[in-house]
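In: sequence plus the predicted model coming up.
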Amino acid sequence: METPVLTDKNQFPTEEIIFSHLGKTKELWKVVFGYIHSNHPNLTEQWNYYNDGKSWLLKVSLKDKTICWVSVINNSFRMTFYLNINVEKAVMESKISAELKKQYKANCETKKINGLTVIFKTKKDLETAKELIRVKLSTK
């Protein structure tokens, strides 16, 4: 897995700093967060520095429910969605790739909560993130 780049505890991740690390995926960042702000205005975003991972992470949440975690990596960013095994039906019926469904299903055998990560490289990744946001919001 790619190493996060926002590792300076004393440097809050401003838009300028974030964009300096995203490279060509800057436009994907703008689109996915534009989608979140337009379609889910009740979601909140909070940056925190975490000592265990020695980096800044963005938590996107709805009240007390975490929707996803976002980390900036070199020339990209990733969103990780943690899904309980109780939402298996919703995941399997979703429009995410067969590969992600297979990964989720395999993890259900050994874990109660499974993380699915989208690493942004193409516009296709936007659709995956939107679908995972929909799944996460539709489940308890």
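Out: Right, received. Where do you want to start? Being a predicted model, the structure only gives us computed values, none of them experimental. Numbers count the residues shown, from 1 in each chain.
In: alpha carbons only for contacts and neighbour counts from here, please
Out: OK.
In: Y49 contacts W56, correct?
Out: Yes. Y49 lies in contact with W56 (Cα atoms under 8 Å); the separation is 4.2 Å.
In: and for those two, which residues touch both?
Out: Listed as contacting both Y49 and W56 by Cα atoms under 8 Å, 6 or more residues apart in numbering are K9.
In: the more surrounded of the two?
Out: Using other Cα atoms under 10 Å as the criterion, Y49 and W56 rank with W56 on top: 23 against 19.
In: is it fair to say the more buried one lies in a strand?
Out: Yes. Assignment of W56 by DSSP: H, G, I helix; E, B strand; the rest coil places it within a strand.
In: show me what contacts it?
Out: So W56 contacts L6, T7, K9, P13, W47, N48, Y49, Y50, S71 (Cα under 8 Å, 6+ apart).
In: how about the nearest residue to L22 once chain neighbours are set aside, phi and psi?
Out: Distances taken as Cα to Cα, 6 or more residues apart in numbering place N75 nearest to L22, at 4.2 Å, with adjacent residues excluded. Per-residue torsions, N75: phi 70, psi 20 (degrees, to the nearest 10).
In: kindly report the same for the one 5 residues further on.
Out: With angles defined as degrees, to the nearest 10, T80 sits at phi -120, psi 130.
In: hmm, it is touching T128, no?
Out: No. If you go by Cα under 8 Å, T80 and T128 don't touch, sitting 11.3 Å apart.
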